[in-house]
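**Student:** output the structure for:
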Amino acid sequence: SMAPPAVSVPAALVRDYFKKGYFPAGVEGEAKPIQPSGALVKAVLMNGAQFVSAAPYGNSQGFGRISLTKSIYISGQTDVALDVDDERFIEDGESRVYTKK
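**Tutor:** Okay, the predicted model is just below:
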């Protein structure tokens with residue numbers, strides 16, 4: 001499978017995006033660096049994935065093709081609306097509702 005090498009570089013770039021303070025302004029150093037969890041990196045990549053075929057998910061495409069331009073906001077280059085809620089834990093039986101702005 002070519003999935004591991006195809007995912008490892010974008011995952012490292014997403015991790016650097018947060019560690020270098022790009023979030024939320026889309027400009028390096030504009031914000032406090034974040035130490036992203038593995039779950040956050042995975043969620044960002046999955047959220048920006050593009051479908052390969054008409055069906056949204058399947059054995060032949062998984063969650064789709066990674067697209068960094070659809071995953072992270074870079075000022076003047078992408079139009080991604082990104083909101084991060086990392087390191088908040090939900091206990092068994094607890095739920096949390098998020099409303100899109």
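
**Student:** distance check, the residue nearest the centre of the chain against Val80.
**Tutor:** The central residue of the chain, meaning the one whose C-alpha is nearest the mean C-alpha position (Cα atoms, centre = their mean), is Val44 at 1.0 Å. From Val44 over to Val80 the distance is 9 Å, taken as Cβ to Cβ, to the nearest Å. The C-beta positions use only the backbone N, C-alpha and C, and glycine is treated the same way.

**Student:** do the same with Lys32
**Tutor:** The separation that Lys32 has from Val80, given Cβ to Cβ, amounts to 20 Å.

**Student:** any regions of this structure where pLDDT drops low?
**Tutor:** 1, 55-61, 101 (pLDDT under 70).

**Student:** re the thing from before, neighbour count winner among Lys32 and Val80?
**Tutor:** Val80 (17 against 7; other Cβ atoms under 10 Å).

**Student:** need the three-state assignment for Arg15.
**Tutor:** When the structure is split into helix, strand and coil by DSSP: H, G, I helix; E, B strand; the rest coil, Arg15 lands in helix.

**Student:** I figured it hits Ile34, correct?
**Tutor:** No. Counting by Cβ atoms under 8 Å, Arg15 does not reach Ile34; the two are 9.6 Å apart.

**Student:** look up phi and psi at Lys70.
**Tutor:** phi -100, psi 0 (degrees, to the nearest 10).

**Student:** ramachandran angles for the nearest residue to it once chain neighbours are set aside?
**Tutor:** Distance criterion Cβ to Cβ, 6 or more residues apart in numbering; nearest residue to Lys70, sequence neighbours excluded, is Gly48 at 3.7 Å. According to degrees, to the nearest 10, the main-chain angles of Gly48 amount to phi -90, psi 0.
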